[in-house]
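Asker: coords please:
(2 chains)
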Number of protein chains: 2
Amino acid sequence: MARPKNAITPTRTENFPEWYQQVVRAADLAENSETRGCMVIKPWGFAIWEAIQRDLDGRFKATGHQNAYFPLLIPLSYLEKEAEHAEGFATECAVVTHHRLETAKDPETGKTKMVPTGKLAEPYVIRPTSETIIGAAFSRWTNSYRDLPLLINQWANVMRWEMRPRLFLRTAEFLWQEGHTAHETKIEALEETQMIHQLYADALQDLLAIPVIMGEKTEAERFPGAESTLTVEAMVQDKKAIQAGTSHYLGQNFAKAQNITFVDRDNKEQHVHTTSWGVSTRLVGTLIMAHSDDDGLVLPPRVAPQQIVIVPVTPKEDSRDAIVTACETLAARLREQSYGNEALRVHVDKRDLGGGVKKWEWVKKGVPLRVEIGPRDLEEKKVCLQRRDQAPNEKSFISQEEFLVSAIEIIDDIHTSLLDRARGFRDENITECADLSSFEKHWEDSNPNPGWLVTSWAGTREEEEEISKRLKITIRCLPIDRQDEIETPCFMTGKLTKSRAIWGRSY
Amino acid sequence: MARPKNAITPTRTENFPEWYQQVVRAADLAENSETRGCMVIKPWGFAIWEAIQRDLDGRFKATGHQNAYFPLLIPLSYLEKEAEHAEGFATECAVVTHHRLETAKDPETGKTKMVPTGKLAEPYVIRPTSETIIGAAFSRWTNSYRDLPLLINQWANVMRWEMRPRLFLRTAEFLWQEGHTAHETKIEALEETQMIHQLYADALQDLLAIPVIMGEKTEAERFPGAESTLTVEAMVQDKKAIQAGTSHYLGQNFAKAQNITFVDRDNKEQHVHTTSWGVSTRLVGTLIMAHSDDDGLVLPPRVAPQQIVIVPVTPKEDSRDAIVTACETLAARLREQSYGNEALRVHVDKRDLGGGVKKWEWVKKGVPLRVEIGPRDLEEKKVCLQRRDQAPNEKSFISQEEFLVSAIEIIDDIHTSLLDRARGFRDENITECADLSSFEKHWEDSNPNPGWLVTSWAGTREEEEEISKRLKITIRCLPIDRQDEIETPCFMTGKLTKSRAIWGRSY
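Answerer: Model prediction:
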């Protein structure tokens, strides 16, 4: 079948990474900037992030968390307090060393230019994450068990210097939320990490139509300074894994490094147990890779900046006004309806452009449902529907009244169809593996991304790191719902174990 | 009259700056941090900012603006492109010079510590404002007049190194929104700045109950690189001025420095006309200083994190459950009501603390309306109301049903009473002045902040700077609605002019 001339070049199978860049460009989501590794998030891309923010913010508040804001800059001596943490981020820290600029003459060219001056006694690091600076505040805020739990979230920008940036997936600066909580006991802190783990899995499914594998990271893959890291792992269409969100139990590591103590119910001084958890603008990259097709972006309806775009088709001057009016009346009536606690987002595209140009713009921008009204539809009181989860030329006609009654259902059906498709794809591409030779063969296959493998696993950290490096894979997680009830031999070491691991290539 | 023992020390008249710090502390709004000049915004303070954000974001979107996000770091060479702009911010720029940390041995102590490494070829400045980095994007986005206007807003953190920080009012890092727009013509760009100017004035009045003086800045007080700066100026209770929001017409200055061009309707290449405009977390400081009293914070209802707090008064065990249930039922019914497009925010304070402790906590946190239900109220189906715009001991009793019908009206009346009080105070403290000697006498008075003066004004920039420096005052603005229709002599130069200026001391 011939490809539509407006489709994305290359296709996913031809060159997945390049296809991704072209989808981002065609949908006008983001672009590279003058600042190395940093992106500009354009309005259509930012509106997706805003929808994610609104939803997650509601979930955090409903579970008792409050937003606050902490400094962008962390004194170097604070970052250093938790040694493993500092080491984990040392190679990617942007460092502020001066606080002024001064005009100076360039000795070579003789031209004046601005140079940094006002050297700081202590350098600051732009937060790569905020455990240390928020820990400093927590140490002031906790005196008694009555002050606990502290349940804080921050929406912020963070910076991790990236050598190989990629829009949304891996950028030097990114936007995220970081939850930070402090608790009286280990049990309560662990319950918090699990509650957030489930919250993330639910949000990815309900909001982004992305099914995830929930599991725990191995020691080698944990957050620097954490005792345990829970993760939600998404499979995208090239069968690579994306770590979409993590929830860490930090034990008393940060509490001890920063002296976060409280007087407990027995009047003894104790260190708190802390957690941290976050998701970032990486979710936008994840949803693009999970759902989009060779025609461009495909947006799950709940995060689509516009869920329905209505295009008046006006070939004749004499019916133009009536058609435009019909479109606007329809839009107004749709906007009175709610989907997922928000009014339906409906746009009428009245621009003076050809119908094909408009259609393809909205296809590439991933709008879930396109609606056309032309002269004949007007006469017959019908609308022409085109769903983004179907081929660009598929269409159906229903009466306007019927559409008004069923619009929410259609939108929700698009969400479900994306979710089902992603779940089917993921499940097809996770296979069991019981022996080392077929394991090695799987990854040495000519296909660069041959899907995930599930194995029994009883190796050491060193054994994991050796095989990961050799085969360019990682243990994505020890999946919670796939642990064995009986012991089976580890595919590598032969040791009997109930523990099972999922392996994959990843972003 | 004796002061309540829980009131703020010192009072406003005793020491206004110290009173401010104590109000911020008592309401748990924010605190200083480990990072020089940067604050931690605590949950109660951040919730006020979130309410301001929600309201303004709606106004921006309703007037056709879209949100986007641009890099935190600006290459030094970009900042330098607009010379006046660069010079204006040079003394307060945080500069990133390195992108890694490395462990090294301190030659003096022999201990290991982390030091910056990975020196950047070109330093980056943490944005003090984003005209230059957003201008770089605009130069890519504008090809034809069809691409205009560009109407972009960004919610972001910015950094201006501050030597004398003060919570909310003047901090090295602050949160703000910055609008950036590009237009075909000067007229359109000026209309944009005026529209936003009015939008800010309306928002301050409707949301923060702060009446403002709208005017234009003189050349000496303009934004670095602007052709004209419009401002909304608020008077707070020590009669100082706070510049609460500004809207700049940037002419073609940034367009020329950054080559932001488009092909116009006559097929000629032109430079765009740009604007920028912003308000920041400084608004939180402004509202504190505008409304709070010697008992603590007073919040205008629309930005109060909780608009109504209901306190069950339960002296006897046997009626406790019934009272708590009555409070929760009342809260649930109140939450079904809307004020300013948002559901009423109602909290039931069930903590096991003394009634006086709870009452004073909510007084100091500025909650607009406190409601108590005790055993007798329960019997009589009444509630006890205490308004934050009245003395802490004033109370009134009305039936629960009557309260449910009038709650929104009472809340709105509190808004109006704060606004009226602030307007009255402001108008009392702006006086006309026609001659230099009484002008000088006014400022040399023993009262450090003697209110604002309005004068005719025809001085030069040099004359303005001389008298400003000598008397420690500034022209706050040339107020739009107070320009003369006939010429009168300038109080200083005697030259005839229709132009009039408002002078004051400021934050």
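
Asker: alpha carbons only for contacts and neighbour counts from here, please
Answerer: Noted.

Asker: and A:Pro211, how many neighbours does it have?
Answerer: Here the neighbour count serves as a burial measure; for A:Pro211 (other CA atoms under 10 Å in any protein chain shown) it reads 25.

Asker: which residues touch it?
Answerer: Contacts of A:Pro211 were listed using CA atoms under 8 Å, 6 or more residues apart in numbering or on different chains, and they are A:201, A:204-205, A:234, A:419, A:422-423.

Asker: kindly recompute the last result at 10 Å.
Answerer: The neighbourhood of A:Pro211, defined by CA atoms under 10 Å, 6 or more residues apart in numbering or on different chains, consists of A:201-205, A:232-235, A:290, A:419-424, A:426-427.

Asker: if I look at A:Leu404, how far off is chain B?
Answerer: A:Leu404 sits at a distance of 25 Å from chain B (criterion: CA to the nearest CA, to the nearest Å).

Asker: hang on, that residue in a strand?
Answerer: No: secondary structure of A:Leu404 (DSSP: H, G, I helix; E, B strand; the rest coil): helix, not part of a strand.

Asker: can you give me the pLDDT of it?
Answerer: pLDDT, the model's per-residue confidence, is 97 for A:Leu404.

Asker: which residue is the nearest non-sequential neighbour of it?
Answerer: A:Leu334 (6.7 Å; CA to CA, 6 or more residues apart in numbering or on different chains).

Asker: wait, the one you found sits on A:Val405?
Answerer: Yes: counting by CA atoms under 10 Å, A:Leu334 does reach A:Val405; the two are 9.4 Å apart.

Asker: ok so, going back, does the residue nearest to A:Leu404 count as helix, strand or coil?
Answerer: Reduced to three states by three-state DSSP, A:Leu334 is helix.

Asker: and A:Ile502, bridged to which residues?
Answerer: In this structure, A:Ile502 has beta-bridge partners A:Val454, A:Cys477, where bridges are defined by DSSP bridges.

Asker: ok, now which ones touch A:His271?
Answerer: A:139, A:142, A:182-185, A:251-256, A:258-264.

Asker: so which of these belong to strands?
Answerer: A:182-183, A:261-263 (DSSP state E).

Asker: quick one: buried residues of the helix or strand where A:Ser417 lies?
Answerer: With secondary structure defined by DSSP states H and E, A:Ser417 is part of helix A:400-428. Buried residues in helix A:400-428, defined by neighbour count with 16 or more other CA atoms under 10 Å in any protein chain shown: A:400, A:403-404, A:407-408, A:411-412, A:414-419, A:421-423, A:425-426.

Asker: that helix: how far from the chain's middle?
Answerer: 21 Å (CA atoms, centre = their mean, to the nearest Å).

Asker: helix or strand right after it?
Answerer: Heading C-terminal from helix A:400-428, the first helix or strand you meet, by DSSP H and E, is strand A:430-432.

Asker: and that next one, what does it pack onto?
Answerer: Secondary-structure packing of strand A:430-432 (3 or more CA pairs under 10 Å, 6 or more residues apart in numbering or on different chains; DSSP states H and E): strand A:452-456, strand A:500-504.

Asker: tell me the contacts of whichever residue of the stretch 151-300 of chain A sits closest to chain B?
Answerer: Closest approach of the stretch 151-300 of chain A to chain B (CA to the nearest CA) occurs at A:Trp161, with a separation of 6.5 Å. By CA under 10 Å, 6+ apart, the residues touching A:Trp161 are A:36-38, A:89-94, A:128, A:170-173, B:99-100.

Asker: who wins on neighbours among those residues?
Answerer: Ranked by neighbour count under the definition other CA under 10 Å, the contacts of A:Trp161 are headed by A:Ala94 with 29 neighbours.

Asker: show me what contacts A:Asn341?
Answerer: Neighbour list for A:Asn341: A:Asp55 [criterion: CA under 10 Å, 6+ apart].

Asker: tell me the confidence at it?
Answerer: According to the model, A:Asn341 carries a pLDDT of 86.

Asker: now swap in A:Asp481 and tell me
Answerer: 89.

Asker: surely it meets A:Ile213?
Answerer: Yes: with contact defined as CA under 10 Å, A:Asp481 counts as touching A:Ile213 (8.7 Å).

Asker: neighbour count for these two, which is higher?
Answerer: Summary of the neighbour comparison: A:Asp481 and A:Ile213, criterion other CA under 10 Å, with A:Ile213 having more neighbours (22 against 10).

Asker: for that one, give me its contacts.
Answerer: A:Ile213 makes contacts with A:201, A:231-235, A:243, A:426, A:476-482, A:502, as judged by CA under 10 Å, 6+ apart.

Asker: can you turn the buried part of those residues into a ChimeraX selection?
Answerer: The following ChimeraX line selects those of the contacts of A:Ile213 that are buried, judged by 16+ other CA under 10 Å:
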select /A:201,231,232,233,234,235,243,426,476,477,478,479,482,502
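
Asker: pick out the lowest-pLDDT one from the contacts of A:Ile213.
Answerer: Among the contacts of A:Ile213, A:Arg482 has the lowest pLDDT, at 84.

Asker: show me where the stretch 301-450 of chain A has strands.
Answerer: Using DSSP state E, counting those that start in this stretch, the strands found in the stretch 301-450 of chain A span residues A:308-312, A:338-339, A:342-343, A:346-348, A:369-373, A:382-387, A:396-399, A:430-432.

Asker: just send the helices and strands packed on strand A:430-432 back as CSV, with distance to B:Pro300 too.
Answerer: Converted to CSV, the helices and strands packed on strand A:430-432 look like this (distance: least, CA to CA, whole Å):
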stretch, distance to B:Pro300
strand A:452-456, 56
strand A:500-504, 54
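
Asker: say whether chain B is contacted by stretch A:242-256.
Answerer: No: legend: contact between stretch A:242-256 and chain B by CA under 10 Å from any CA of the partner chain is lacking; minimum distance shown is 16.4 Å.
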